[in-house]
Structure formats: C-alpha cells, structure tokens
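Asks: One predicted model, sequence on top.
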Amino acid sequence: MVTKKTTTPIVGIIVDTSNLYFAAKAKLDGKLNYKLLYDLAADGREVFNATAYLTESHRNKPCVGFLQTLHQIGFDTKVKKIKYRDDGSPKSNWDVGMALDVADLLDEIDTLVVIAGGGN
C-alpha cells in the first residue's frame, strides 16, 4: 500500500465520450456540459489525471474545437480509430484501454470517477 504525503484527496477521472454522446443525444437533446461533469467529478479534490476517450471513423474525426475545449477544462484526450467488422458494423470500444489506464492510476489516487453512457 502506498501512503500519500498529501492530506487533500486525489481523484482520477475517466470519461467515455463516445458512449456519453449517444446517451446525451437520446436523453438530453445532445447537450452535455463537460466542464460541469469535470467539476462534479473533482468535487473539490485534487485531480491527478482526467482523461476523455474519443473515437474516430473514416467519416467523422473529433472536432478540433471539442478537443481544445476538453483540454481547456483539464482533460487529456485519447483517440482511437473505429474498426469495422466483416459485416460492416463498427467496433470501437475503449474498455481495455481504459482498464489499463486505471491500473496505472491506482497507486496515485484515492478515488476513481468513471463517467460513461450505456453502450449497446
């Protein structure tokens, strides 16, 4: 067990933006406030790391303005290209990548906040 030298709780934030996009589109008219999400997840704690995971298809790349906004809020971003199965259906989940990143964070944080929408 690692003992931290700070008395301020330290949080890691993981955001699956692709799943959130579809959840927000279905339930919130497509409007999602990432600054509010960040602030609620941080909840006054020191943020050790906040990462937003995005996907990119051959037709749709993440908007440069959206990436800049995420960076201004405090998120690092990771982008993965969508792969297509033989039947043409997309495959783009970040589950393993996020799990590996979480494993790297565990010794550095007190709390992990995962923000994701329900996938199909």
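Replies: Great, that's in hand.
Asks: can we go C-alpha only for contacts and neighbour counts from here?
Replies: Fine.
Asks: longest strand in this structure, by residue count?
Replies: Scanning the chain for the longest strand, with DSSP state E as the assignment, gives strand 46-56.
Asks: Can you name the next helix or strand after the helix or strand of the chain with the lowest mean pLDDT?
Replies: Of all helical and strand segments in the chain, the minimum by mean pLDDT, DSSP states H and E falls on strand 90-91, at a mean of 76. Toward the C-terminus, strand 90-91 is succeeded by helix 95-105 as the next helix or strand (DSSP states H and E).
Asks: Could you give the average pLDDT over that next one?
Replies: In this model, helix 95-105 has a mean pLDDT of 92.
Asks: and the next helix or strand after it, which strands flank it?
Replies: Helices and strands here follow DSSP H and E; after helix 95-105, the next one along the chain is strand 111-115. Paired with strand 111-115 in the same sheet, following DSSP bridges, are strand 10-16 (parallel).
Asks: now the partner strand and strand 46-56, what's the angle there?
Replies: Calculated by axes from the mean of the first three to the mean of the last three CA atoms, to 10 degrees, strand 10-16 forms an angle of 10 degrees with strand 46-56.
Asks: The chain should start at 46 in everything you say after this.
Replies: In the new numbering, first residue 46, that becomes strand 55-61.
Asks: which residues are contacting strand 55-61?
Replies: Where contact means CA atoms under 8 Å, 6 or more residues apart in numbering, the residues beyond strand 55-61 that reach it are 83, 86-87, 90-99, 139, 143, 150, 153-162.
Asks: One more pass at 7 Å, please.
Replies: The contact list for strand 55-61 (CA atoms under 7 Å, 6 or more residues apart in numbering) reads 86-87, 90-99, 154-161.
Asks: From the contact counts, what lies against the helix or strand that that strand is followed by?
Replies: Proceeding N to C from strand 55-61, the next assigned helix or strand is helix 62-72, under DSSP H and E. Contacts defined by 3 or more CA pairs under 7 Å, 6 or more residues apart in numbering; DSSP states H and E place helix 62-72 against strand 91-101.
Asks: Any buried residues in the strand it packs on, and which?
Replies: By neighbour count on 16 or more other CA atoms under 10 Å, the buried set for strand 91-101 is 92, 94-101.
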